[in-house]
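In: Kindly return the folded structure for what I paste below:
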Amino acid sequence: MKSIFLLSIVCLFFVETKAQFVATMEVKEPIEGVCNQRGVYALFPMLDGQDEAVCPISMDEILNRLNTEIAFLKENPKHRDKGMIGLVINCKSELVRCEMDIKTKNELLDKQIVFVFNSLGEWEAGKLNGNYVDSNRLFSFKIKKGKIEFD
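Out: Sure thing, here's the model as predicted:
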């Protein structure tokens, strides 16, 4: 009888508690331009109160620019690869860091990908519970037959 009562109380406690999962990026060295060095968030738009930073152009337009502006891909139409680029957008909607988190097999290709992402325009800052915050965006991609696709 005691265990049923205790279980009921525990269940009610978890139903009544509104905990929100919030992930922060580990910042190993200072990032120039962020509003809060300890609060660079990895936001998940599927969770209430979290809106990730928004690019001024659509995902399709980003892919189009990557596939048309990167000279390395034009010169290597059979290239296969994969990688990930990480962006940090501060609370003022400024792109303050853009670098390859998982590099491709070619340094020139990495530089050209970073160049395109740096030239996308002004982002809209991410929001946490309605407040603009510093946030991290990751774009994982693969390259097949010289064309980039997001994972």
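In: and the longest strand that the chain contains, which residues are buried?
Out: In the chain, taking DSSP state E as the definition, the longest strand is strand 131-144. Using 16 or more other Cβ atoms under 10 Å as the test for burial, strand 131-144 gives 132-137, 139, 141, 143. Just so you know, the C-beta spots here come from the backbone N, C-alpha and C atoms, and that holds for glycine as well.
In: got TSV for these, with pLDDT too?
Out: As requested, these are exported to TSV (pLDDT from 0 to 100):
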residue	pLDDT
Tyr132	97
Val133	97
Asp134	98
Ser135	97
Asn136	96
Arg137	97
Phe139	97
Phe141	98
Ile143	98
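In: Of those residues, which is the nearest to Arg38?
Out: Of all the buried residues of strand 131-144, Asp134 has the smallest distance to Arg38: 9.6 Å, by Cβ to Cβ.
In: wait, doesn't the closest one sit right on Val34?
Out: Yes. With contacts defined as Cβ atoms under 8 Å, Asp134 counts as touching Val34 at a distance of 4.5 Å.
In: Could you tell me how far the residue sitting nearest the centre point of the chain is located from Ile143?
Out: In the chain, the C-alpha closest to the average C-alpha coordinate belongs to Arg137, at a distance of 1.4 Å (Cα atoms, centre = their mean). Separation of Arg137 from Ile143 (Cβ to Cβ, to the nearest Å): 20 Å.
In: Between the two ends of stretch 28-45, how far is it?
Out: Chord length of stretch 28-45, first to last residue, is 25 Å (Cα to Cα, to the nearest Å).
In: Contacts for that stretch, please.
Out: 21-25, 27, 50-53, 88, 90-92, 94, 96-97, 126-128, 133-136, 138 (Cβ atoms under 8 Å, 6 or more residues apart in numbering).
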